[in-house]
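Asker: from the sequence below, what's the structure:
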Amino acid sequence: MIMLSVLYVLISGIALPIGGIQMQYLWRNQLGDVYSLGLGSAACLGAAAATMTGWCSLTVGSFICTLLCTIVCFFVTLKVSTQNLITFGILFGTFIGSLGTIVVTNAPNGDLLKQYYLWGAANFNLEGVTAGDIIFSLILFAAGIVAAIWSSRSLTRHFNGEIELSNARKALLLLAIMFLVTSSVSICGPIGFISLGVPNLSRIVCKNTDIRKHYLISSAMGVGLLLVTYLVVKYVSFGIYLPISATMAIIALPLMAILFMKK
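Answerer: This is a model prediction of the structure:
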């Protein structure tokens, strides 16, 4: 189980920062983030519905909702500008989050509520994860990485203002990004900070706009930061339960502050 947990530390440390830097290049905005279009809220809603009703496994419910969110955003991208897509994503995420809150607050019992929150803490315990879930997530991860490499040249040129991607191309890229991120989120739960903070750290450290360089730098930073956080949570927890996302933010925020002030 430890080896499997470490595997998903690596997958999450690569998938989330790469998805984040792709969003920033796609939007030409440093606030671009994989959760901005409601993915995190959709994952939580699916996990909550699966946990409270028992209609499927927690990871399957999470994946189904994130996939539906992806499809909605796919078609919206075909119709609206990038700026309006960001606004839509924020509103859509708020709507989905509200549904998730209603489901959670009506939990049948405390045990189910605890199960849901343990998944949401994203501590890589992989509770309730099946072999089928793992195989499916690995396929999504591989497809997302291939798409990221394939689109790297056009994304770099788009970010530099040399070309303007069509809405159809943006929609396909968005779909690939969401598959990449879902490979982590559906198994491990939503992990904040790393998909927004790490890409910005990479862009501060390396001024080159070639997105392929940021794939490598962001992945190295993401894996390193997440691995350190995982080890702290697992072995230096001081006898209390430490969620991955909260612990990582505490560890990384001083570094972010120093780098941003220097910039």
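
Asker: my guess is V232 contacts L242. True?
Answerer: Yes. V232 lies in contact with L242 (C-beta atoms under 8 Å); the separation is 7.3 Å. Placement of C-beta: from N, CA and C, glycine included.

Asker: ok, L67 - contacts?
Answerer: Neighbouring residues of L67 by C-beta atoms under 8 Å, 6 or more residues apart in numbering: T182.

Asker: tell me which element it is part of?
Answerer: helix 58-77 (DSSP states H and E).

Asker: any idea how far that helix is from the chain center?
Answerer: 13 Å (C-alpha atoms, centre = their mean, to the nearest Å).

Asker: pLDDT of that helix, averaged?
Answerer: Helix 58-77 shows a mean pLDDT of 80 in the predicted model.

Asker: pull out the buried positions in that helix.
Answerer: Buried residues in helix 58-77, defined by neighbour count with 16 or more other C-beta atoms under 10 Å: 58-67, 69-70, 72-74, 76-77.

Asker: past it, which element shows up next along the chain?
Answerer: Next along the chain after helix 58-77, taking DSSP H and E as the criterion, comes helix 82-105.

Asker: so for that next one, what gets flagged as buried?
Answerer: Residues 82, 85-86, 88-89, 92-93, 96-97, 99-100, 103-104 are the ones in helix 82-105 that count as buried (16+ other C-beta under 10 Å).

Asker: show me the shaky parts of the stretch 1-150 of the chain.
Answerer: 82-83, 128 (pLDDT under 70).

Asker: L165: which of the buried residues of helix 82-105 is nearest?
Answerer: T82 (9.1 Å; C-beta to C-beta).

Asker: spit out the contact partners of R169.
Answerer: Taking C-beta under 8 Å, 6+ apart as the test, what R169 contacts is S154.

Asker: buried stuff in the helix or strand where it lies?
Answerer: Element membership for R169 (DSSP H and E) is helix 167-188. Neighbour counts over helix 167-188 (16+ other C-beta under 10 Å) mark 167, 169-188 as buried.

Asker: mean confidence for that helix?
Answerer: For helix 167-188, mean pLDDT is 84.

Asker: in this protein, mark out all the strands, start to finish.
Answerer: Under the criterion DSSP state E, the chain carries no strands.

Asker: isn't A252 right next to V228, touching?
Answerer: No. A252 lies out of contact with V228 (C-beta under 8 Å); the separation is 9.2 Å.

Asker: the more surrounded of those two?
Answerer: Applying other C-beta atoms under 10 Å to A252 and V228 shows that A252 carries more neighbours, namely 20 against 14.

Asker: how many neighbours does the closest residue to N200 other than its chain neighbours have?
Answerer: Nearest non-adjacent residue to N200, counting by C-beta to C-beta, 6 or more residues apart in numbering: Q30, 5.7 Å away. Neighbours of Q30 under the rule other C-beta under 10 Å: 12.
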